[in-house]
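# Based on what follows, work out the 3D shape:
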Amino acid sequence: MPTDATTVPRSRAPRRWPDEPAQGGWYTDAETAAVQKVLAESRSWRTGWRNKDLVAAFEEAFAQAARARHAIAFNGGGTALEMVLMCLELQTGDQVIACALNFVGTHLPGLHQGGELV
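This is a model prediction of the structure:
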């Protein structure tokens, strides 16, 4: 959901498929600036991307809002799913339920951990 409804792009272009979901997103200048600030703070030519103050503050605020002891920010859903499966100690041959019609990135963590997609 955008923070500023006036930034919603208006398009009457026909979709490629009639039932195609309207995917994508739009971001305000303030949201884009916030992401750029986090990226600038977190990058290091020596270590790559690191968790710094802004990310740590986000994790703490998210944990508090979710009433959880901890929250961890990841670079994407695939990495997060990989960590979840590691924490669950998925064993080779364990079944992993996955959507048949989905981005392959949601299947790779289960396969990497030795799971069987069903």
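# count of neighbours near Asn96?
That one is not Asn; residue 96 is Val. 19 (other CB atoms under 10 Å). (Glycine included, C-beta is placed from N, CA and C.)
# For it, name its beta-bridge partners.
Beta bridges link Val96 to Leu117 when assigned by DSSP bridges.
# Hmm, it is touching Leu117, no?
Yes. Between Val96 and Leu117 there is a contact under CB atoms under 8 Å: 5.6 Å.
# Overlap in contacts, the two.
Taking CB atoms under 8 Å, 6 or more residues apart in numbering as the criterion, Val96 and Leu117 both touch Gly110.
# Check which helices and strands the host helix or strand of Ala40 sits against.
Element membership for Ala40 (DSSP states H and E) is helix 29-42. Packed against helix 29-42 by the contact rule (3 or more CB pairs under 8 Å, 6 or more residues apart in numbering; DSSP states H and E) you find helix 53-65.
# ok, residues contacting the helix it packs on?
For helix 53-65, contacts defined as CB under 8 Å, 6+ apart pick out Lys37, Val38, Glu41, Ser42, Asn51, Arg69, His70, Ala71, Ile72, Ala73.
# If anything else comes up later, I'll come back, but that's it for now.
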